[in-house]
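K.L.:
turn this into a structure:
(chains A and B)
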Amino acid sequence: SAVISQKPSRDICQRGTSLTIQCQVDSQVTMMFWYRQQPGQSLTLIATANQGSEATYESGFVIDKFPISRPNLTFSTLTVSNMSPEDSSIYLCSVQEQGGRSTEAFFGQGTRLTVV
Amino acid sequence: GNSVTQMEGPVTLSEEAFLTINCTYTATGYPSLFWYVQYPGEGLQLLLKATKADDKGSNKGFEATYRKETTSFHLEKGSVQVSDSAVYFCALSDPGNQFYFGTGTSLTVIP
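P.N.:
A predicted model of the protein is given here:
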């Protein structure tokens, strides 16, 4: 199974600033996924990052707010731009691998972001 | 559309108690079903899965059976331990490998 390293693990940021979250996978993967986990809520997919092309954003998320880089098959970054307290969440990087008859999702340990 | 609804928490149990966390789903086609666990300060880890109707997933004493007739995938464990304290997420993946997660159920097991 894929091992995903994500950093920072947590941060406290001032409103109006930006934070870049890094995600490193121990194997080459075609797609990497970024999720947001707001307090008491489910995981929400922000975008899918493919190497060599623009990320695909889900409804309600835009590139200007959450720019993503995907320079190679093992690495991606998510930037949370011009932060406000509403951006306080856990951000999770994920990859998928075939596991038997189904695809399984694997996650990094998450980045707990607090915006003050 | 696809969605997952799971029992709201938090759930507090004494050690060795029986655990059930309910999960129902709505999906088109034939999804795969999963339970993920998130220990404090960590990411989600796959706990168990089932890929077709009547399949039973099991791991670490936890079990869940894919019930197509009731569109359910309830998580059970016969005797919980303090180390099982975590947040549990029910999830499905559709044939296009899009994942959908429930809101999570926080479990605290007290000695």
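K.L.:
now do the strands in the chain.
P.N.:
Just so you know, I chose chain A. Taking DSSP state E as the criterion, chain A contains strands spanning A:4-7, A:10-13, A:19-25, A:31-37, A:43-50, A:56-57, A:68-72, A:75-80, A:89-99, A:102-107, A:111-115.
K.L.:
not what I meant, chain B
P.N.:
Counting by DSSP E, chain B has strands at residues B:3-6, B:11-14, B:19-21, B:23-26, B:32-38, B:44-50, B:56-59, B:62-65, B:75-77, B:86-93, B:99-101, B:105-110.
K.L.:
need those in JSON lines (columns: mean pLDDT and distance to A:Gly40).
P.N.:
Yep, even glycine has a C-beta here, placed from its N, CA and C like the rest. Output for the strands of chain B, formatted as JSON lines (pLDDT from 0 to 100; distance: least, Cβ to Cβ, whole Å):
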{"stretch": "strand B:3-6", "mean pLDDT": "94", "distance to A:Gly40": "13"}
{"stretch": "strand B:11-14", "mean pLDDT": "97", "distance to A:Gly40": "14"}
{"stretch": "strand B:19-21", "mean pLDDT": "97", "distance to A:Gly40": "16"}
{"stretch": "strand B:23-26", "mean pLDDT": "96", "distance to A:Gly40": "17"}
{"stretch": "strand B:32-38", "mean pLDDT": "95", "distance to A:Gly40": "13"}
{"stretch": "strand B:44-50", "mean pLDDT": "94", "distance to A:Gly40": "16"}
{"stretch": "strand B:56-59", "mean pLDDT": "97", "distance to A:Gly40": "26"}
{"stretch": "strand B:62-65", "mean pLDDT": "98", "distance to A:Gly40": "23"}
{"stretch": "strand B:75-77", "mean pLDDT": "98", "distance to A:Gly40": "19"}
{"stretch": "strand B:86-93", "mean pLDDT": "95", "distance to A:Gly40": "10"}
{"stretch": "strand B:99-101", "mean pLDDT": "93", "distance to A:Gly40": "13"}
{"stretch": "strand B:105-110", "mean pLDDT": "96", "distance to A:Gly40": "9"}
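K.L.:
including mean neighbour count and distance to chain A, could those go into TSV?
P.N.:
Formatted as TSV, the strands of chain B follow (neighbours: other Cβ atoms under 10 Å in any protein chain shown; distance: least, Cβ to the nearest Cβ, whole Å):
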stretch	mean neighbour count	distance to chain A
strand B:3-6	19	8
strand B:11-14	14	14
strand B:19-21	18	14
strand B:23-26	19	12
strand B:32-38	25	4
strand B:44-50	21	4
strand B:56-59	15	10
strand B:62-65	20	14
strand B:75-77	20	16
strand B:86-93	23	6
strand B:99-101	22	4
strand B:105-110	17	9
